[in-house]
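Peer 1: Could you look at this predicted model? Sequence included:
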Amino acid sequence: MKTKTILIVLVLAALTLGACAPTVAAGGATPATRSITVTGAGLATLTPDIAYIYIGVHTESLAAAEAVAQNSAKTETLVNAIQQTGVAAEDIRTTNFSIYSAPQYGPDGQPTGQTTYAVDNTVYVTVRDLAGLGKLLDQAVQAGANNINNIQFDVADKTQAMSDARKAAVDAAKKQAEELAAAAGVTLGNLQTISSYDSVPSPVFDARGMGGGGVAAASAVPINPGTMQLTVTVTLTYEIK
């Protein structure tokens, strides 16, 4: 009786395992789709049309109130001078105002007991007319600016350049796919996948940060913003027949 029971259980188990086994198609495994992957690049050269500059006023005095008053008066004169060159008020923004003190020392290196108070006021200026940038710097120095740093050139709107670069990248990749297919004796089928990577150029910096005298001398020299290059890389995968 026990033997029959064991046989029945084994038979049922075998049937159950057979039912769970994966079904194999009569024709065998489906062949993988043949494909070709190509990469194309599109470039766009841009000429900067906008600049950003940090312009500041630094003052020092033995009295904190006097240092602040001097700085405030010079900064107001500076802002007015910048606006007179055609820069809108909304394109001038205060980014730093600081007051700090430092003890004074005599020729012998010993403290004199006096304290110097220094005040810094910096504005961030957006210049939309690069032709007038040299004049703006000259006017700023004459108005009392003695700290000018990080002249940064950029392109205000890169939309059209990006669109042109993407189209050029796709055209280059497609042409490459057609040439490879012809050389290999195959025919391009449907486009299966497409991916892209945009390399947007960073703003170009002019690192000639200098004090008032240096800027005044340099303002006579035309400022050249140079060019910027935008790159788009596109990868296409086509079915081949």
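Peer 2: Yep, it's here.
Peer 1: Quick check: the gap between residue 71 and residue 114.
Peer 2: 19 Å (C-beta to C-beta, to the nearest Å). Placement of C-beta: from N, CA and C, glycine included.
Peer 1: In terms of neighbours, single out the busier of those two.
Peer 2: Taking neighbours as other C-beta atoms under 10 Å, residue 71 and residue 114 compare with residue 71 leading, 23 against 10.
Peer 1: Could I get the phi/psi values of the more buried one?
Peer 2: phi -70, psi -40 (degrees, to the nearest 10).
Peer 1: got it, and residue 226?
Peer 2: phi 70, psi -160.
Peer 1: shouldn't it be in contact with residue 51?
Peer 2: No: look at residue 226 against residue 51 with C-beta atoms under 8 Å: they stay out of range, at 11.7 Å.
Peer 1: Quick one: name whatever helix or strand follows the lowest-mean-pLDDT helix or strand in the chain.
Peer 2: When each helix and strand of the chain is scored by mean pLDDT, DSSP states H and E, helix 2-20 comes last, with a mean of 37. Beyond helix 2-20 on the C-terminal side, the first helix or strand identified by DSSP states H and E is strand 35-46.
Peer 1: quick one, the longest helix seen in the chain and strand 35-46 angle?
Peer 2: The helix that spans the most residues within the chain, counting by DSSP state H, is helix 159-184. Counting by axes from the mean of the first three to the mean of the last three C-alpha atoms, to 10 degrees, helix 159-184 lies at 150 degrees to strand 35-46.
Peer 1: Mind giving me the packing neighbours of helix 159-184?
Peer 2: The helices and strands touching helix 159-184, judged by 3 or more C-beta pairs under 8 Å, 6 or more residues apart in numbering; DSSP states H and E, are strand 35-46, strand 188-199, strand 228-240.
Peer 1: Just name the most buried of those.
Peer 2: Stretch with highest mean neighbour count among the helices and strands packed on helix 159-184: strand 228-240 (a mean of 19; mean count of other C-beta atoms under 10 Å).
Peer 1: how about stretch 137-144: buried residues?
Peer 2: 137-141, 143-144 (16 or more other C-beta atoms under 10 Å).
Peer 1: and it, average pLDDT?
Peer 2: On average, the pLDDT along stretch 137-144 is 94.
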